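Q: need the 3D shape of this:
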Amino acid sequence: MKKTLLVAATLAATLLGATRAKAQQDPAPQPPAPTPARATSTEQVTVTAQGETRDVQSIDQKILLEQTPGTSPIAVLNRLPSVSITSADPYGAYEWAVRISIRGFNQNQLGFTLDDVPLGDMSYGNLNGLHISRALIDENLGHAALSQGTGSLDTASTSNLGGAVQFYSTDPSDKRGFQATQSFGSFNGSRTFARYDTGLLKTHTRLFVDGVYQTSNKWRGDGPIRQSYFQFNTKLQQFVGSKGVLTVYADYSNRQEVDYQDENKVWVNTLGYKTDNFGDWKTALQAANAYNAQGGGGKVFAGISTAFPGSIPLLQPGGFGDLSNDPEDVGYYAAGGLRKDFLGYVNYKTALTDHLTSKTTVYGHHNNGAGLWYTPYVATYDVSGTAVSPISERTSEYRIARGGVISTLSYETPRNTLEGGVWFEKESFDLARRYYATTLDGPGRSIYDTPVFPFWTQWAYNFPTNLFQIHLQDQFKLTSAITLAAGFKTSETYTTGTLVGYNVGINLAPTDSTANYAQGKLTSGKPFLPQVGVNVKLNAANEVFASVAENVRAFQAGGKGFGTSPWGTTQAGFNALTSNLKSESSWSEEAGYRLTNNHVQAQASFFHVNFSNRLLAIQQGPGIAGNASILSNVGGVTTNGVDGAITTRLTSDWSFYNALTFSKSTYDSNYNASPTSVIQTGGKIAVDSPQVLYKTALTYSHRGFDAHMGADYMGKRYFTYTNDNSVGGRMLGEFGTSYHVDEVGPFDQLKLQLNVYNIASTKYWGTIGTNGFVASDPTSVNNNTLQPGAPRAITGTFSVKF
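A: Modelled structure (predicted):
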């Protein structure tokens with residue numbers, strides 16, 4: 001494979017070198033300096049990408065400006081067909097529960113970038129990137145482009161099996177100015193945003209600096225329920241002559257989240273829609289002591305009740321000692337997530353000749369994070385090994401240090417565009433499972449503080465990773481009406497799992513050994529991943545397109561209980577895997593039609609996807625326990641579907657948007673959970689893959705007044721592989737209105753805005769699978785993995801520009 005990679009790289013370099021030599025014979029033009037594309041509330045929403053050979057749709061800043069300030073950029077994509085976004089909060093900002101699914105693929109199988117910089121797979125315990133909400137302040141999002149099936153070859157991603165999302169930040173303004181926005185809303189919500197633009201200086205430089213502080217309470221739960229984050233962005237652009245621009249971007253994010261408890265149907269039906277963690281230390285101690293006294297096996301502390309607190313005994317129809325409905329997991333003291341990120345890049349783009357353009361980005365990212373949980377399953381021990389509290393604070397601790405370079409050359413003529421590039425990244429990822437002491441008097445620290453001095457480190461890993469990707473593609477206009485596109489990419493990822501330590505501190509696992517942990521090196525990727533497409537213009541307004549592509553996903557780094565990591569098992573299990581383990585891959589086909597004129601933008605697509613070598617980490621015990629898993633190749637998934645979107649301009653002030661998707665993703669075969677257990681999944685619907693999606697929005701805009709009303713329907717979703725349990729469909733409505741006046745005294749603009757989420761305050765299941773999926777759970781007590789959706793939330797905003 002290395003030899004094939006070298007040959008492919010040499011071929012790409014030779015072609016690009018020949019292209020450059022030819023282009024340098026042409027005279028160089030003198031183009032004007034670039035100007036920023038700044039969206040305003042009067043611009044149109046782009047829903048189709050005219051002329052593309054693939055299914056590409058985008059959303060500009062207008063949609064984001066309509067949403068509640070603080071809404072995650074990922075949530076805005078929910079407007080597009082085939083896109084399913086779920087969350088547990090009104091804004092799609094709570095990272096543990098925010099999920100995006102496209103044509104049967106979840107976010108761990110998609111690719112994400114910001115200004116071409118890779119964001120990884122945006123999973124909660126992210127191993128190679130960060131969430132877009134931590135990479136960019138919402139107001140700085142210029143537009144987002146989504147390739148629903150065959151993602152573009154130049155996307156810097158090793159996880160884009162089912163498409164790619166490319167986010168782009170706004171540029172600094174040519175005009176000097178300051179803007180400030182203040183929002184207040186439901187659940188004690190408050191958000192303050194401020195931005196300063198220098199304007200275009202005499203040095204041909206422009207810069208913006210902005211920051212945001214947001215806080216709100218959880219809509220359910222007690223005790224520490226405040227969610228908050230502070231974020232800072234800056235972007236500088238320096239124009240170099242008439243052909244080049246140097247861009248520098250920096251982001252700092254400090255996010256503090258308190259978790260919503262993962263639920264199941266039995267708990268919610270018995271204890272109510274707002275059941276959650278206790279947030280009270282004495283109550284948490286009683287629940288932990290009751291578990292130990294009623295079958296948990298740990299130390300029972302005198303002076304603390306051995307009955308479960310509150311209404312939890314309602315889940316014990318058999319009385320004292322009945323743990324069949326999992327009363328011990330209904331609530332904990334608290335859980336949370338802490339993340340600090342620094343992200344930056346330097347980009348230089350220049351026209352080398354009339355036809356040849358070069359673009360190079362050098363980037364770096366550093367992350368420190370921890371997922372916190374006050375667990376009743378491991379007690380706090382003193383140095384003598386005596387239990388002093390029935391609860392400890394368990395952490396999953398993350399550290400990412402990565403850097404890379406992305407470089408492309410593009411040669412363009414009136415009929416031909418040849419483009420190629422390379423991407424290299426080097427990363428060190430640290431992951432550890434640690435436990436910290438509590439006392440009978442209290443938790444010992446705030447849920448918002450990163451703990452120090454663990455009494456036990458169960459295990460700690462380091463994963464050094466190198467990845468290399470090249471791509472080469474050509475787009476050729478066969479005639480004025482027919483465009484052909486063809487290309488390939490080569491992707492290889494090398495990851496080594498190294499056990500740094502285990503059973504460190506108090507000796508709580510005397511029989512543990514290195515044999516219980518996987519170590520070793522794995523290579524994933526493929527040397528040739530093709531993509532071919534065609535676009536045929538029927539006339540100025542109508543066109544058809546078709547494309548096919550193959551993609552592959554790199555193996556995930558992680559320890560026990562982390563996703564589909566090959567290192568989440570024992571050394572023997574890992575050794576057995578390495579002989580036949582294959583990377584997950586997909587073959588996507590799509591064909592569609594576009595209509596674009598002054599009154600209508602419409603697109604309809606048919607898609608077929610074969611997802612092969614699906615890896616499943618078969619849990620050995622409850623997902624929250626973090627036990628070792630057995631990674632298995634459980635076959636494939638086949639997806640067939642149609643989707644479409646249409647925006648109709650009814651009048652100069654009114655527009656009407658509708659999007660509809662019918663899709664079916666089914667497992668191709670059964671799989672073996674053990675030598676004697678066959679799980680009947682063949683022909684079953686894939687988990688978290690609704691077959692029907694419908695989105696609609698009516699928008700009015702006139703002389704500074706804007707209003708929109710929208711609705712989103714999502715069909716039935718299964719949360720077991722055998723389809724023996726599911727959540728029903730739901731319809732959510734939202735409303736927003738704003739009014740602005742320009743040039744009022746010293747102000748450039750004054751604006752008032754009102755947003756309402758879930759107008760009817762519908763009770764529904766939001767995200768499913770937050771604690772993973774299991775083969776079977778007909779009673780909904782085997783795996784607490786559901787999140788109730790947020791009720792109605794109202795937010796008011798005042799903003800000023802001058």
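Q: contact partners for residue 556?
A: 108, 127, 562-566 (C-beta atoms under 8 Å, 6 or more residues apart in numbering). No exception for glycine: its C-beta is placed from N, CA and C like everyone else's.
Q: go with 6 Å
A: Residues in contact with residue 556 (C-beta atoms under 6 Å, 6 or more residues apart in numbering) are 563-565.
Q: give me phi/psi at it?
A: Residue 556 has phi and psi values of phi -90, psi 130 when expressed as degrees, to the nearest 10.
Q: look up how far residue 765 lies from it.
A: Noted for residue 556: a distance of 27 Å to residue 765, by C-beta to C-beta, to the nearest Å.
Q: of the contacts of residue 556 - the most surrounded one?
A: For the contacts of residue 556, the largest neighbour count, defined by other C-beta atoms under 10 Å, is 26 neighbours, found at residue 565.
Q: residue 467: which of the contacts of residue 556 is nearest?
A: residue 565 (16.4 Å; C-beta to C-beta).
Q: who are the contact partners of the residue nearest the centre of the chain?
A: For the chain, the residue whose C-alpha lies nearest the mean C-alpha position (C-alpha atoms, centre = their mean) is residue 122; its distance is 3.6 Å. When contacts are counted by C-beta under 6 Å, 6+ apart, residue 122 touches 107, 112, 131.
Q: next: residue 103.
A: For residue 103, the residues meeting the contact criterion (C-beta under 6 Å, 6+ apart) are 82, 162, 639.
Q: mind putting the residues you listed in a markdown table, distance to residue 214 and secondary structure included?
A: A markdown table is the format used below for the contacts of residue 103 (distance: C-beta to C-beta, whole Å; DSSP: H, G, I helix; E, B strand; the rest coil):
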| residue | distance to residue 214 | secondary structure |
| --- | --- | --- |
| 82 | 30 | coil |
| 162 | 31 | coil |
| 639 | 37 | strand |
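Q: give me phi/psi at residue 132?
A: phi -60, psi -30.
Q: wait, residue 768
A: Here residue 768 shows phi and psi, under degrees, to the nearest 10, equal to phi -120, psi 150.
Q: returning to what we had before: so which of the contacts of residue 556 belong to strands?
A: Among the contacts of residue 556, the subset assigned to strands under DSSP state E is empty.
Q: just name the closest of those residues to residue 791, please.
A: Scanning these for proximity to residue 791, where the rule is C-beta to C-beta, the winner is residue 563, at 30.9 Å.
Q: ok, for that closest one, nearest residue in space, not its chain neighbours?
A: residue 556 (5.0 Å; C-beta to C-beta, 6 or more residues apart in numbering).
Q: ditto for residue 357
A: Spatially, and ignoring its direct neighbours in sequence, residue 357 is nearest to residue 410 (4.7 Å; C-beta to C-beta, 6+ apart).
Q: which helix or strand contains the one you found?
A: Element membership of residue 410, judged by DSSP states H and E, is strand 392-412.
Q: over to residue 146?
A: Element membership for residue 146, per DSSP H and E: strand 141-147.
Q: I'd like to know which elements that strand is packed against.
A: Under the contact criterion of 3 or more C-beta pairs under 6 Å, 6 or more residues apart in numbering; DSSP states H and E, strand 141-147 touches strand 56-60, strand 164-169.
Q: what angle do the first one and strand 164-169 make?
A: What that stands for is strand 56-60. Here strand 56-60 runs at 30 degrees with respect to strand 164-169, directions being taken by axes from the mean of the first three to the mean of the last three C-alpha atoms, to 10 degrees.
Q: restricting to C-alpha, output strand 56-60 in CSV.
A: The C-alpha coordinates for strand 56-60 follow below in CSV (Å, rounded to 0.1, in the frame of the first residue of the first chain):
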residue,chain,number,x,y,z
VAL,A,56,-24.5,20.3,-3.1
GLN,A,57,-26.6,22.7,-1.1
SER,A,58,-25.7,25.6,1.1
ILE,A,59,-27.1,28.0,3.6
ASP,A,60,-25.9,31.5,3.9
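Q: next secondary structure element downstream of that strand?
A: helix 61-66.
Q: so which one among the contacts of residue 103 has the lowest pLDDT?
A: Comparing pLDDT over those, the lowest score belongs to residue 162 (85).
Q: that older thread, just the contacts of residue 556: which has the poorest pLDDT?
A: Across the contacts of residue 556, the bottom pLDDT score, 77, is held by residue 563.
Q: just the helices in this protein please.
A: Along the chain, the stretches classed as helices by DSSP state H are 2-23, 61-66, 73-76, 132-135, 265-271, 281-291, 571-578.
Q: lowest-confidence stretch among those helices?
A: Of all those, the minimum mean pLDDT falls on helix 2-23 (a mean of 39).
Q: buried residues in the longest strand belonging to the chain, which are they?
A: Longest among the strand segments of the chain by residue count, using DSSP E, is strand 482-505. Taking 16 or more other C-beta atoms under 10 Å as the neighbour-count basis, strand 482-505 is seen to contain the buried residues 483, 485-495, 497, 499, 502-505.
Q: got it, and stretch 259-269?
A: 259-268.
Q: can you redo those as a markdown table with distance to residue 687?
A: Written out in a markdown table, the entries for the buried residues of stretch 259-269 read as follows (distance: C-beta to C-beta, whole Å):
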| residue | distance to residue 687 |
| --- | --- |
| 259 | 22 |
| 260 | 20 |
| 261 | 21 |
| 262 | 15 |
| 263 | 17 |
| 264 | 15 |
| 265 | 16 |
| 266 | 19 |
| 267 | 20 |
| 268 | 19 |
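Q: and those residues, which is closest to residue 739?
A: Distance to residue 739, by C-beta to C-beta, is smallest for residue 260 among the buried residues of stretch 259-269, at 34.5 Å.
Q: I figured that closest one hits residue 95, correct?
A: No - Residue 260 is beyond contact range of residue 95, at 11.5 Å (criterion: C-beta atoms under 6 Å).
Q: model confidence over stretch 406-417, on average?
A: Confidence over stretch 406-417 (mean pLDDT, whole number) is 96.
Q: straight-line length of that stretch, end to end?
A: Using C-alpha to C-alpha, to the nearest Å, the end-to-end distance of stretch 406-417 comes out at 19 Å.
Q: other residues contacting that stretch?
A: By C-beta under 6 Å, 6+ apart, the surrounding residues in contact with stretch 406-417 are 16, 19, 23, 116, 156, 355-361, 418-419, 421-423, 475-477.
Q: re earlier: okay, the helices and strands packed on strand 141-147 in CSV with mean pLDDT next?
A: Formatted as CSV, the entries for those read as follows, by pLDDT from 0 to 100:
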stretch, mean pLDDT
strand 56-60, 87
strand 164-169, 94
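Q: sketch out the low-pLDDT regions of this protein for me.
A: Scanning the chain for pLDDT under 70 picks out 1-47, 619-629.
Q: which parts of the stretch 651-800 of the chain are strands?
A: 654-667, 671-674, 677-679, 692-702, 705-714, 717-718, 726-727, 730-744, 747-757, 765-768, 786-788, 793-801 (DSSP state E, counting those that start in this stretch).
Q: can you redo these as JSON lines with mean neighbour count and distance to residue 295?
A: Formatted as JSON lines, the entries for these read as follows, by neighbours: other C-beta atoms under 10 Å; distance: least, C-beta to C-beta, whole Å:
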{"stretch": "strand 654-667", "mean neighbour count": "19", "distance to residue 295": "36"}
{"stretch": "strand 671-674", "mean neighbour count": "15", "distance to residue 295": "25"}
{"stretch": "strand 677-679", "mean neighbour count": "14", "distance to residue 295": "26"}
{"stretch": "strand 692-702", "mean neighbour count": "18", "distance to residue 295": "43"}
{"stretch": "strand 705-714", "mean neighbour count": "18", "distance to residue 295": "39"}
{"stretch": "strand 717-718", "mean neighbour count": "22", "distance to residue 295": "31"}
{"stretch": "strand 726-727", "mean neighbour count": "18", "distance to residue 295": "30"}
{"stretch": "strand 730-744", "mean neighbour count": "16", "distance to residue 295": "37"}
{"stretch": "strand 747-757", "mean neighbour count": "19", "distance to residue 295": "42"}
{"stretch": "strand 765-768", "mean neighbour count": "23", "distance to residue 295": "29"}
{"stretch": "strand 786-788", "mean neighbour count": "23", "distance to residue 295": "25"}
{"stretch": "strand 793-801", "mean neighbour count": "18", "distance to residue 295": "40"}
